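> Turn this into a model:
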Amino acid sequence: MTQVPLHPALAVYLQQWRRETLHSKDSDWVFDVNLKTAQTILRHKKLSTTADIYTHAVQSNQLAASGQYLDAIKMGSQSIN
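Take a look at the predicted model:
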């Protein structure tokens with residue numbers, strides 16, 4: 001499974017949320033699904049369809065943009081300080 005990089009502020013926020021939520025067990029998370037399993041659940045004929053829709057690489061400029069967004073909604077600076 002390939003990990004998706006997150007902006008550090010978002011990672012801190014999600015860790016804090018995970019401590020406070022009722023959905024904190026590893027089995028409650030759906031991010032760790034095998035691509036072939038997802039293909040079967042979604043009933044895609046081709047694995048490439050599932051991969052094209054639900055996976056992507058995150059560029060450094062996208063990571064920076066997510067940080068700017070978090071700052072704009074006042075999450076970025078308060079979460080990492």
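> alpha carbons only for contacts and neighbour counts from here, please
OK.
> Show me the shaky parts of this structure.
Scanning the chain for pLDDT under 70 picks out 1-4, 23-24, 26-32, 56-58, 75-81.
> If we use 80, what do you get?
For the chain, residues meeting the criterion pLDDT under 80 lie at 1-7, 18, 21-33, 54-63, 73-81.
> Let me know the outermost residue of it.
K45 (25.0 Å; C-alpha atoms, centre = their mean).
> mind checking which helix or strand it is in?
Per DSSP states H and E: K45 is located in neither a helix nor a strand.
> Run a quick neighbour tally on the residue nearest to it when sequence neighbours are not counted.
Excluding its sequence neighbours, the residue lying closest to K45 (C-alpha to C-alpha, 6 or more residues apart in numbering) is Q39, at 7.6 Å. Look at Q39: counted by other C-alpha atoms under 10 Å, it has 17 neighbours.
> do the one 10 residues further on as well
A count of neighbours around T49, defined by other C-alpha under 10 Å, yields 11.
> mind checking the SS state of it?
Using DSSP: H, G, I helix; E, B strand; the rest coil, the structure places T49 in helix.
> Would you check how far apart it and T55 are?
Remark: distance between T49 and T55 (C-alpha to C-alpha, to the nearest Å) = 10 Å.
> overlap in contacts of these two?
Shared contacts of T49 and T55, defined by C-alpha atoms under 8 Å, 6 or more residues apart in numbering, are absent.
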